[in-house]
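Enquirer: when you get a sec, could you give me coordinates for this:
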Amino acid sequence: MASTDILPDALPGRLPRPGGPAGGAGRAGGTSAPAVPGDPATDAAGVVAGFDALETAPAQRTPIGRRLRQRVLPPLLGVALVLGLWQLAYGLHLTTPDKLPSPADVWHSLTDLWDRGTLFSIIWTSVWRGVSGFLTAVLIGTPIGLLVAQVRPLRAAVGPVLSGLQSLPSVAWVPAAVIWLGINNAAMYAVILLGAVPSITNGLIAGVDQVPPLLLRAGRTLGATGARGARHVLLPAALPGYLAGLKQGWAFSWRSLMAAELIASSPDLGLGLGRYLENQREFSDMAGVLLGIVLILVVGVAIDLLVFTPLERRVLRNRGLLAASH
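Expert: Numbering: from 1, shown residues only. Model prediction:
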């Protein structure tokens, strides 16, 4: 009987077997059999095709003009708005010029420092102290954070102390540091460390707390234990929280340094931004005071934009949390 010669591959509703003739093509005209919804092979093929599409999707770069409009134009508009409101307040004589100088007066103070050749010296004195103190705080705060995060008794004893130190205003350490160490660079660095180390440590602890336990178990299974596990497994997994702690630690370092330079005065310390700000206050030069405030703000924002923002974007992009086109 003819029906006995029908092969299973040609039955209605059946997909061709992978090893069938013509690479799985149907018997009639070499065309593939239609996919049947609900079939395991069809579903698996769809999932694989979806993953392949995600992996092979080309990353489209945003044009440079659009990126400039998105990133540069809004801050410039904000600065222009502040300057406009400032000039308007000055023009309306809301207060006397000795209390609210015009933007042109502040610009004149800036050009005066430039003409005297002291502008970069003042900025560099503070930047060098802030950066070197921050790097020292990273070297101290990182191992402390790893120990406190992993040793429960140590965390119970030291954790509240670190949180309390982080909430303490940095300016409170300046009188104690001056009495302990004198009016010198050691006192400056002590204030920076006392302000930055707790922030870095707490940021790392928070990052470690967010690491999935499965990653830690996988690392131990592969032999990554102790210092090796901390370097290759724990720190990379806790990097987002750690980076947030570093960013906050820099902010505390910069603020602590400005507080120390405002209060401590000595020829051996040189002239930094904080000391320049206090000198202008003593001379009742409001234009110089505002210039000092602007320079402190500009340095802090520049470090954040040039160092921490690119690092943060890179970490987020590597973890698939930030589109490459952004």
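Enquirer: hey, where'd the helices end up in the stretch 201-326 of the chain?
Expert: Using DSSP state H, counting those that start in this stretch, the helices found in the stretch 201-326 of the chain span residues 213-221, 226-229, 235-237, 239-263, 273-282, 286-303, 309-318.
Enquirer: which one of these lies nearest to residue 137?
Expert: Evaluated over the helices of the stretch 201-326 of the chain, closeness to residue 137 peaks at helix 239-263, with 5.9 Å, by CB to CB. C-beta here means a position set from N, CA and C on the backbone, and glycine is covered the same way.
Enquirer: state the mean pLDDT of the closest one.
Expert: Mean pLDDT, computed over helix 239-263, is 90.
Enquirer: figure out how far it is from the centre of its chain.
Expert: Helix 239-263 has its C-alpha centroid displaced from the chain centroid by 12 Å (CA atoms, centre = their mean, to the nearest Å).
Enquirer: what's the angle from it to helix 286-303?
Expert: If you take axes from the mean of the first three to the mean of the last three CA atoms, to 10 degrees, helix 239-263 sits at 160 degrees to helix 286-303.
Enquirer: what is helix 239-263 packed up against?
Expert: In terms of contacts (3 or more CB pairs under 8 Å, 6 or more residues apart in numbering; DSSP states H and E), helix 239-263 is packed against helix 119-150, helix 173-181, helix 185-209, helix 273-282, helix 286-303, helix 309-318.
Enquirer: so which bits of stretch 141-154 are buried?
Expert: Going by neighbour count (16 or more other CB atoms under 10 Å), the buried part of stretch 141-154 is 141-142, 144-146, 148-149.
Enquirer: could these be laid out in CSV, adding pLDDT and distance to residue 174?
Expert: Shown next, in CSV, are the buried residues of stretch 141-154 (pLDDT from 0 to 100; distance: CB to CB, whole Å):
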residue, pLDDT, distance to residue 174
141, 92, 20
142, 92, 25
144, 92, 23
145, 90, 25
146, 88, 30
148, 90, 26
149, 87, 30
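Enquirer: and those residues, which is closest to residue 296?
Expert: residue 141 (23.6 Å).
Enquirer: please verify my assumption that that closest one contacts residue 195.
Expert: No: the pair residue 141 / residue 195 is not scored as a contact, 11.1 Å apart, by CB atoms under 8 Å.
Enquirer: shared neighbours of the two, anything?
Expert: With contacts defined as CB atoms under 8 Å, 6 or more residues apart in numbering, no residue is adjacent to both residue 141 and residue 195.
Enquirer: before we move on, back to that, most tightly packed of the helices and strands packed on helix 239-263?
Expert: helix 185-209 (a mean of 24; mean count of other CB atoms under 10 Å).
Enquirer: what's the angle from that one to helix 173-181?
Expert: 120 degrees.
Enquirer: please state the offset of helix 185-209 from the chain centre?
Expert: Relative to its parent chain, helix 185-209 has a centroid offset of 16 Å by CA atoms, centre = their mean.
Enquirer: could you give the angle of that helix to helix 119-150?
Expert: Angle between the axes of helix 185-209 and helix 119-150 is 40 degrees (criterion: the same axes, to 10 degrees).
Enquirer: let me have the helices of the stretch 201-326 of the chain in JSON lines, extended by distance to residue 179.
Expert: Formatted as JSON lines, these follow (distance: least, CB to CB, whole Å):
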{"stretch": "helix 213-221", "distance to residue 179": "45"}
{"stretch": "helix 226-229", "distance to residue 179": "38"}
{"stretch": "helix 235-237", "distance to residue 179": "37"}
{"stretch": "helix 239-263", "distance to residue 179": "12"}
{"stretch": "helix 273-282", "distance to residue 179": "19"}
{"stretch": "helix 286-303", "distance to residue 179": "26"}
{"stretch": "helix 309-318", "distance to residue 179": "38"}
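Enquirer: nearest to residue 168, of these?
Expert: helix 239-263 (10.4 Å).
Enquirer: ok, now which ones touch residue 285?
Expert: Counting by CB under 8 Å, 6+ apart, residue 285 has contacts residue 109.
Enquirer: to clarify, my last question referred to residue 171.
Expert: So residue 171 contacts 256, 259, 263 (CB under 8 Å, 6+ apart).
Enquirer: what helices or strands is the helix or strand harbouring residue 157 leaning on?
Expert: For residue 157, the element it lies in under DSSP states H and E is helix 152-167. Judged by 3+ CB pairs under 8 Å, 6+ apart, the packing partners of helix 152-167 are helix 119-150, helix 185-209.
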